[in-house]
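[1] how would this look folded up:
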Amino acid sequence: MKNNIVSSLFLLIFTTSALADLIGSVDTDFKLLGPDNKIVIEAFDDPDIAGVTCYISRAKTGGISGAVGVAEDTSDASLSCHQTGPVNLDPKIKAGEREGEDVFKKRTSLVFKSMQVVRFYDKNRNTLVYMVYSDRILKGSPKNSVSAVPVLPWR
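    The predicted structure follows:
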């Protein structure tokens with residue numbers, strides 16, 4: 001039983017989900033020891049819908065705790081998603097059968113906090129809507145950002 005708990009915690013801490021490409025970062029706060037606090041910009045492609053790329057800017061805690069991976073990042077994030085190629089929607093998405101799907105998740109603390117992006121489909125406007133938010137096991141944050149991508153013919 002004890003080994004199961006330890007192995008579960010190990011998997012929770014060290015597993016990663018969707019990978020994002022680091023686009024760039026800016027320092028926001030000088031730290032004498034360890035890396036500075038930053039705002040990082042990352043990009044990821046929707047894993048289920050080719051032709052959609054999302055850009056996230058988020059806070060990244062520095063210092064010694066940030067360098068060793070035990071710092072907790074704040075829940076501040078901004079999201080911008082764009083059509084970057086032809087978009088072919090799965091009929092299940094168009095029918096509303098696949099609502100509120102997680103398309104990106106990133107750990108923002110050692111164990112309990114993560115930032116995630118969820119995709120919705122607005123049938124009336126033929127638009128994909130993406131929302132980024134942060135959550136914890138017990139209590140999340142109401143801070144969020146939304147971006148919409150109208151599904152248009154690709155030129």
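
[2] which SS class is the residue nearest the centre of the chain?
    Nearest to the mean C-alpha position of the chain, by C-alpha atoms, centre = their mean, lies Gln116 at 3.9 Å. Put simply, Gln116 is strand when judged by DSSP: H, G, I helix; E, B strand; the rest coil.

[3] The closest residue to it other than its chain neighbours: neighbour count?
    Taking C-beta to C-beta, 6 or more residues apart in numbering as the measure, Gln116 lies nearest to Lys105, with 4.4 Å between them; neighbours along the chain are not counted. All C-beta atoms are positioned from the backbone trio N, CA, C, and that covers glycine. The number of residues packed around Lys105, counting by other C-beta atoms under 10 Å, is 16.

[4] is it true that Lys105 lies in a strand?
    Yes. Secondary structure of Lys105, determined by three-state DSSP: located in a strand.

[5] pretty sure it contacts Lys113?
    No. Using C-beta atoms under 8 Å as the test, Lys105 is too far from Lys113 to be in contact (11.2 Å).

[6] follow-up on the earlier one: list the contacts of the residue nearest to the centre of the chain.
    By C-beta atoms under 8 Å, 6 or more residues apart in numbering, the residues touching Gln116 are 102, 104-106, 132-135.

[7] Same check on Ile41?
    Shown here is Ile41, whose contacts under the criterion C-beta under 8 Å, 6+ apart are 22-25, 55-57.

[8] among those, who's most crowded?
    Ranked by neighbour count under the definition other C-beta under 10 Å, these are headed by Ile56 with 24 neighbours.

[9] Would you verify that that residue is located in a helix?
    No. Looking at Ile56 with three-state DSSP, it is strand, so not inside a helix.

[10] On the strand side of things, show who it bridges to.
    Glu42, Leu79 (DSSP bridges).

[11] how near is it to Gly96?
    In this structure, Ile56 and Gly96 are 26 Å apart, going by C-beta to C-beta, to the nearest Å.

[12] ok, back up a step: report the buried members of the contacts of Gln116.
    In terms of neighbour count (16 or more other C-beta atoms under 10 Å), the buried residues within the contacts of Gln116 are 104-106, 132-135.

[13] Turn these into a markdown table, columns for distance to Arg155 and pLDDT.
    Shown next, in a markdown table, are these (distance: C-beta to C-beta, whole Å; pLDDT from 0 to 100):
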| residue | distance to Arg155 | pLDDT |
| --- | --- | --- |
| Phe104 | 27 | 89 |
| Lys105 | 32 | 87 |
| Lys106 | 32 | 81 |
| Val132 | 28 | 93 |
| Tyr133 | 33 | 90 |
| Ser134 | 36 | 85 |
| Asp135 | 38 | 83 |
